[in-house]
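> fold the following and give me the result.
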Amino acid sequence: MQPRCSSRKYVRYPASVQTDNGAGEGTLFDLSATGCRMQSNVALTPGSYLALHIEAPDTESPLAVEISIVRWHKDNQFGIEFLRYAQGVREYFTDLIEGCNAPASLNQSVEAEPALSTIAA
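Have a look, this model is predicted:
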């Protein structure tokens, strides 16, 4: 068995799943920047592609992982690898996993204010 490529963080986030065969709800656990473990009654098999919308705390709208693939399935749990993220989502996950106090906000556009320097007279 190969060691994990990326660190994981235990979370418990509600998530919705969209596949070619329908949609459903589940709970996301063991989040990394590249995937997660998910529990759901949605019928998913290894190799299935899906879109995820994750209800993370401190976000105004769900985090979108546009394309994911199921890597393993056991009972009603799935290992999911993230393949394509909405803008800023991977960075949000990375900040969360690495323990940054405040993950970069996805919902606010931050504009840099021009720096003013004092001029010595």
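
> ok, and what's touching the longest strand along the chain?
Assignment by DSSP state E gives strand 63-74 as the longest strand of the chain. The contact list for strand 63-74 (C-beta atoms under 8 Å, 6 or more residues apart in numbering) reads 35, 44-54, 56, 78-86, 89, 92-93, 106. No exception for glycine: its C-beta is placed from N, CA and C like everyone else's.

> and for stretch 9-18, what's in contact with it?
23-32, 38, 40, 42, 44, 50-57, 62, 96-97.

> inside helices: which ones of the residues you listed?
96-97 (DSSP state H).

> chain center to stretch 55-65, what's the gap?
8 Å (C-alpha atoms, centre = their mean, to the nearest Å).

> end to end, how far does it reach?
12 Å (C-alpha to C-alpha, to the nearest Å).

> same question for stretch 41-48.
15 Å.

> could you give the mean pLDDT of it?
Confidence for stretch 41-48, expressed as mean pLDDT, is 92.

> buried ones in it, by neighbour count?
42, 44, 48 (16 or more other C-beta atoms under 10 Å).

> what does stretch 45-62 give?
48, 50-54, 56, 59, 62.

> then stretch 80-88?
So, applying 16+ other C-beta under 10 Å, buried residues of stretch 80-88: 80, 82, 85-86.

> now the buried residues of stretch 41-48 as JSON lines including distance to W72?
Formatted as JSON lines, the buried residues of stretch 41-48 follow (distance: C-beta to C-beta, whole Å):
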{"residue": "V42", "distance to W72": "15"}
{"residue": "L44", "distance to W72": "10"}
{"residue": "S48", "distance to W72": "11"}
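
> which among these gets closest to S7?
Using C-beta to C-beta, L44 comes nearest to S7 of the buried residues of stretch 41-48, at 24.4 Å.

> picking up where we left off before, which of the buried residues of stretch 41-48 sits closest to T19?
S48 (6.2 Å).

> isn't that closest one up against G22?
No. Judged on C-beta atoms under 8 Å, S48 makes no contact with G22 at a distance of 11.5 Å.

> geometric centre of this structure: which residue is closest?
F93 (5.6 Å; C-alpha atoms, centre = their mean).
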